[in-house]
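Chemist: output the structure for:
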Amino acid sequence: MATELDALIAELRAAGGDCTNVEVKSAAGGLPQSLTSTLSALANLPGGGTIILGLDERSGFRPVPLSNPQDLKQGLALKARAFTPPVQLDISDGTVDGHPVVVAIVHECAPSAKPCKVTASGAAYLRGYDGDFELSALEEQAFLATRQPPRFDREPVDEATFTDLDEELLSEFLRSVRERDPRGLGRFTDDAELLRRVGVTTAEGVPTVAGVLALGVHPQQWFPRFVIQVSAEPLPGDAPGTRARNQATVTGPIPRMLDEALAWARRTFDTTIVSAPDGTVHDRLDYPFLAFRELIANALVHRDLDNWSAGLAIEVRLRRDRLVISNPGGLYGITVERLGHDAVTSARNARLVALCQHVRTPETGARVIEALASGIPTVRTALAESGLPPAHYVDAGIRFTVVLHRTTSTPPSIGLNESEQRVYDALVQGPQQVTDLQKLLGLSPANIRKILRALRGHGLIEQLGGRGRSTSYRRPPE
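Modeler: The predicted model follows:
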């Protein structure tokens, strides 16, 4: 526990503030009233969170005297019972810089019981970055919707007919099914029967939600917010008052939307001139197309389709230092920690995912997805090969966000080899331990330690902790 607490405090000090799953309070005057909203928000957060009492954020998370830690622990336990369902806590004593603190691990509320509400007021809260926000009626509906297995993609689109399906996409879909699954779905020689059995249409021949989204002529006729909203931050040379550049709304069925999103990226991503080992010179995009394609395809097939999210779009925002992709609906059947590391295939929209394994994009003829749990590993590999730090994934329960960071070059006077550059770039996200870097980069602990010593020797990174305490490494604050 002491080692984990030391590492957590080092991370908070390096970041200069609280993070999404950690709340720090001084509690010098007793148990803060604001913990009511924090307990609800952390209980609703995937994975839960941690509360630390006895540190002052404004002074760099330095300890403050606690008059009676035992009273604080009893107050926390009492407050935890003032929620529906009650908040589950593990409360313990800790020490920071030789001073006592109180540490409370807040366990995530069971999905079937979310959202966790304040019993007296009926209010429920959602965690933002260093802040708690009361759930709107729409957000509360999102939590209630997760209590049942999602089946919205199987519903019929009552006003649609077979003529609302795209002939070109449908033809390629049928060919792909019969080619790849000849003894399964492909054995049905009648097109109408095959489409019914695969879930493109109902028994009455009416297109389903999955069928319209994957193969429809224009799904936005019924689902106007099943779109991708893309925009890029203005450049320094843009006209005064410019709010965004290359702003667009991408519409159409999933395969055509995927093609158009890639076309937007080609028009919008900046390029860097790089030299290859053989002396040739090439243009390299700030973000690899392969990673972008996988992330957009995942957002299209895994976004929430229930009524609560009908007014929400997938959003792509290109900032000067990062690329942010966000879609309604959190992770389903897997956690951020397991994402890309376990060979787990989990689908919120099972019928839509099954269809998109056979749906091909008109531009390239490639399948939209493979559904082999290979997407996130592909993203990780593509970023590493482009010299970019690993992707940062944020699951807020009802929204999922991916952040890609641009390459941050080392000083020109320092030449790093490929592995050293990968470790250096990985530290752009904040302090990392050797085990963290091992999971992110796939390098051996011995190799990582050797690289860290070399980077410290160059003055590029600094060590936090050590000498019997948990050790992490970070890039010096700019």
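
Chemist: so which residue is smack in the middle of this protein?
Modeler: Residue closest to the average C-alpha location in the chain (C-alpha atoms, centre = their mean): Y393, at 3.1 Å.

Chemist: would that one count as being in a helix?
Modeler: No - read with DSSP: H, G, I helix; E, B strand; the rest coil, Y393 is strand and lies in no helix.

Chemist: surely it meets T401?
Modeler: Yes - counting by C-beta atoms under 8 Å, Y393 sits close enough to T401 to count as a contact (7.5 Å). For every residue, glycine as well, the C-beta is placed using N, CA and C.

Chemist: which phi and psi does A160 have?
Modeler: The phi and psi values for A160, taken as degrees, to the nearest 10, are phi -90, psi 150.

Chemist: pLDDT-wise, which helix or strand of this protein ranks last?
Modeler: In the chain, no helix or strand scores lower on mean pLDDT, DSSP states H and E than strand 271-275, which sits at a mean of 70.

Chemist: which residues of the stretch 101-250 of the chain fall in strands?
Modeler: 117-118, 125-128, 131-134, 228-232, 245-250 (DSSP state E, counting those that start in this stretch).

Chemist: distance of L185 from A41?
Modeler: L185 sits 45 Å away from A41, going by C-beta to C-beta, to the nearest Å.

Chemist: these two: which is more packed in?
Modeler: A41 (26 against 18; other C-beta atoms under 10 Å).

Chemist: contact partners for that one?
Modeler: Y125, L126, R127, D132, F133 (C-beta atoms under 8 Å, 6 or more residues apart in numbering).

Chemist: tabulate the residues you listed (a markdown table), appending pLDDT and distance to G329.
Modeler: Listed next are these as a markdown table, based on pLDDT from 0 to 100; distance: C-beta to C-beta, whole Å:
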| residue | pLDDT | distance to G329 |
| --- | --- | --- |
| Y125 | 90 | 19 |
| L126 | 83 | 14 |
| R127 | 78 | 17 |
| D132 | 79 | 21 |
| F133 | 81 | 18 |
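
Chemist: pull out the buried members of those residues.
Modeler: Buried members of the contacts of A41, counted by 16 or more other C-beta atoms under 10 Å: Y125, L126, R127, D132.

Chemist: which among these gets closest to L312?
Modeler: Of all the buried ones among the contacts of A41, L126 has the smallest distance to L312: 14.7 Å, by C-beta to C-beta.

Chemist: identify the residues contacting the helix or strand hosting A426?
Modeler: Using DSSP states H and E, A426 sits within helix 418-426. The contact list for helix 418-426 (C-beta under 8 Å, 6+ apart) reads 384, 387-390, 407-408, 410, 416, 432, 437, 440-441, 443, 447-448, 451-452, 454-455, 460-461, 475.

Chemist: and the helices in the stretch 251-400 of the chain?
Modeler: For the stretch 251-400 of the chain, the helices defined by DSSP state H, counting those that start in this stretch cover 254-268, 289-302, 350-356, 375-385.

Chemist: can I get these in JSON lines with mean neighbour count?
Modeler: Shown next, in JSON lines, are the helices of the stretch 251-400 of the chain (neighbours: other C-beta atoms under 10 Å):
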{"stretch": "helix 254-268", "mean neighbour count": "20"}
{"stretch": "helix 289-302", "mean neighbour count": "22"}
{"stretch": "helix 350-356", "mean neighbour count": "23"}
{"stretch": "helix 375-385", "mean neighbour count": "19"}
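
Chemist: of the strands of the stretch 101-250 of the chain, which is nearest G330?
Modeler: G330 lies closest to strand 125-128 among the strands of the stretch 101-250 of the chain, at 11.3 Å (C-beta to C-beta).

Chemist: give me the below-cutoff pLDDT ranges for the stretch 351-478 of the chain.
Modeler: For the stretch 351-478 of the chain, the stretches flagged by pLDDT under 70 are 371-373, 407-415, 429, 466-468, 477-478.

Chemist: so which residues of it form strands?
Modeler: Using DSSP E, counting those that start in this stretch, strands in the stretch 351-478 of the chain cover 392-395, 399-405, 462-464, 472-474.

Chemist: so how far is stretch 213-225 off the chain centroid?
Modeler: Chain-centre distance of stretch 213-225: 25 Å, with C-alpha atoms, centre = their mean, to the nearest Å.

Chemist: who touches stretch 161-179?
Modeler: The contact list for stretch 161-179 (C-beta under 8 Å, 6+ apart) reads 157, 185-186, 191, 194-195, 198, 200-201, 205-207, 211-212, 214-218, 221, 253, 255-256, 355, 358-360, 362, 365, 367.

Chemist: I398 contacts L331, doesn't it?
Modeler: No - I398 is not in contact with L331 according to C-beta under 8 Å; the separation is 10.7 Å.

Chemist: more neighbours: which of these two?
Modeler: Taking other C-beta under 10 Å, I398 and L331 do not tie; I398 has more neighbours (26 against 18).

Chemist: with adjacent residues omitted, what lies nearest to that one?
Modeler: The shortest distance from I398 to any non-neighbouring residue, by C-beta to C-beta, 6 or more residues apart in numbering, is to A142 (4.1 Å).

Chemist: OK, contacts around the one you found?
Modeler: So A142 contacts D304, D306, W308, S309, P328, G329, G397, I398 (C-beta under 8 Å, 6+ apart).

Chemist: show me what the fifth one is bridged to.
Modeler: With DSSP bridges as the criterion, P328 is bridged to R399.

Chemist: burial of it, as a residue count?
Modeler: 22.

Chemist: ok, it - contacts?
Modeler: A142, R303, D304, S309, L312, I314, I398, R399.

Chemist: try the fourth one
Modeler: Applying C-beta under 8 Å, 6+ apart to S309 gives the contacts A142, R303, P328, G329.

Chemist: identify the farthest-apart pair in those residues.
Modeler: Across the contacts of S309 (C-beta to C-beta), the longest gap, 12.2 Å, separates A142 and R303.

Chemist: quick one: common contacting residues for the two?
Modeler: Common neighbours of A142 and R303 (C-beta under 8 Å, 6+ apart) are S309, P328, G329.

Chemist: can I get these in CSV with distance to R284 and pLDDT?
Modeler: Below are the shared contacts of A142 and R303 laid out as CSV (distance: C-beta to C-beta, whole Å; pLDDT from 0 to 100):
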residue, distance to R284, pLDDT
S309, 36, 87
P328, 32, 91
G329, 33, 86
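
Chemist: okay if I get these as TSV plus distance to E108?
Modeler: Shown next, in TSV, are those (distance: C-beta to C-beta, whole Å):
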residue	distance to E108
S309	21
P328	20
G329	17
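
Chemist: looking at those residues, which one is closest to A347?
Modeler: When those are compared against A347 (criterion: C-beta to C-beta), the nearest one is G329, at 11.6 Å.

Chemist: ok, the closest one touching R399?
Modeler: Yes - here G329 reaches R399: they are 7.1 Å apart, a contact under C-beta under 8 Å.

Chemist: for the two, indicate the residue with more neighbours.
Modeler: The neighbour count for G329 versus R399, taken as other C-beta under 10 Å, is higher for G329 (25 against 20).

Chemist: what's near enough to touch that one?
Modeler: Residues near G329 by C-beta under 8 Å, 6+ apart: A142, H302, R303, D304, S309, R348, I398, R399, F400.

Chemist: need these in JSON lines with distance to A263, can you?
Modeler: Formatted as JSON lines, the contacts of G329 follow (distance: C-beta to C-beta, whole Å):
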{"residue": "A142", "distance to A263": "32"}
{"residue": "H302", "distance to A263": "22"}
{"residue": "R303", "distance to A263": "20"}
{"residue": "D304", "distance to A263": "26"}
{"residue": "S309", "distance to A263": "26"}
{"residue": "R348", "distance to A263": "27"}
{"residue": "I398", "distance to A263": "30"}
{"residue": "R399", "distance to A263": "26"}
{"residue": "F400", "distance to A263": "24"}
